[in-house]
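# Let me see the structure of the following:
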Amino acid sequence: MGNFYKEVIQKDPRFRSSSRVNDPDLLEPVTRQAVAAIIAEAKAAGIALLAFETFRSQARQRQLFNEGVTQLSNVGVHNYGLACDLVKLIKGEPSWDGDFAFLGRLAKQHGLIWGGDWGEPDKPHTFRDYVHVQRCRVADQQKLFSGNWYPGQDYNPYGGVSLVPPLAAGGTPALRIIKLTQPFMTGPDVQEVLRLLQKHGYYGGKLDSTYGPRAEAATHYFQDDNGLEVDGKVGPLTLAALRK
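As a prediction, this is how the structure comes out:
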């Protein structure tokens, strides 16, 4: 898709709504993929996250500004399907309490900028948004707002190669970080990883239905042979290597 903002967001009936929108389908596909991976990895670490706001119209931004909720009167990256607020889910309710430094680490790992440091940890910032992530570096925001640019699938706000893998055939993203857990992980994501490990010669015999110790050991060998971090987790970089 060439420009998700023009082709999807501007045509959506909620484009001018003053209501909060939590629909992940209004995140452009690579951002949606990264947000889903962050939520899954946080869950595996015992932290429940909620995608609290996946799109924000100018009308809603103005309303929040008038209520004193935000310091910004004009909507920013939230309007383009490239930003999301990820808050903690505690006893079924959204929460902004506590430390969100973990979100900064996960955001960078999955190719997103964190509002806690705006991708520039060594630079002083007068405004920090600790629950905010976005797939646009601050230096690129003005050309985004001007309508002259929209990030492609291979865009990486940190520079260099993209930190997220290409979408799978048919545009289906990998939504989970696969790793050894108790009980062992199962499902179509796991089956894809096992098939790919077998394709590359790292997983022999009959495919299991779970990501167990044998699969983790195969992942270790694959990561070591391909210059990846040897952690047994099939995250974006490992998955991208497996799909080659």
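# how far does the lowest-mean-pLDDT helix or strand in the chain sit from the chain's center?
Taking mean pLDDT, DSSP states H and E as the measure, the chain has strand 185-186 as its least confident helix or strand, at a mean of 73. Averaging C-alpha positions (C-alpha atoms, centre = their mean, to the nearest Å) puts strand 185-186 21 Å from its chain's average.
# repeat for stretch 105-115
8 Å.
# And for stretch 98-118?
Relative to its parent chain, stretch 98-118 has a centroid offset of 10 Å by C-alpha atoms, centre = their mean.
# Show the average pLDDT along that stretch.
Averaged over stretch 98-118, pLDDT sits at 93.
# what does the longest strand seen in the chain contact?
Longest strand of the chain, by residue count under DSSP state E: strand 83-90. For strand 83-90, contacts defined as C-beta atoms under 8 Å, 6 or more residues apart in numbering pick out 27, 31, 35, 38-39, 47-54, 76-78, 94-98, 103, 129, 131-136. (C-beta placed from N, C-alpha, C; glycine too.)
# now do stretch 193-207
178, 191, 208, 211, 214-215, 218-219, 221-222, 234, 239, 242-243.
# let's see it at 10 Å
Stretch 193-207 is contacted by residues 174, 176, 178, 185, 190-191, 208-212, 214-215, 217-223, 225-226, 234, 238-239, 241-244 when judged by C-beta atoms under 10 Å, 6 or more residues apart in numbering.
# which secondary structure element contains the most centrally placed residue in the chain?
Geometric centre of the chain, nearest residue: Ala34, 1.8 Å, by C-alpha atoms, centre = their mean. Here Ala34 sits within helix 29-44, counting by DSSP states H and E.
# That helix - contacts with which helices or strands?
Contacting helix 29-44 under the criterion 3 or more C-beta pairs under 10 Å, 6 or more residues apart in numbering; DSSP states H and E are the following elements: helix 4, strand 49-53, strand 83-90, helix 101-109, strand 132-134, helix 236-242.
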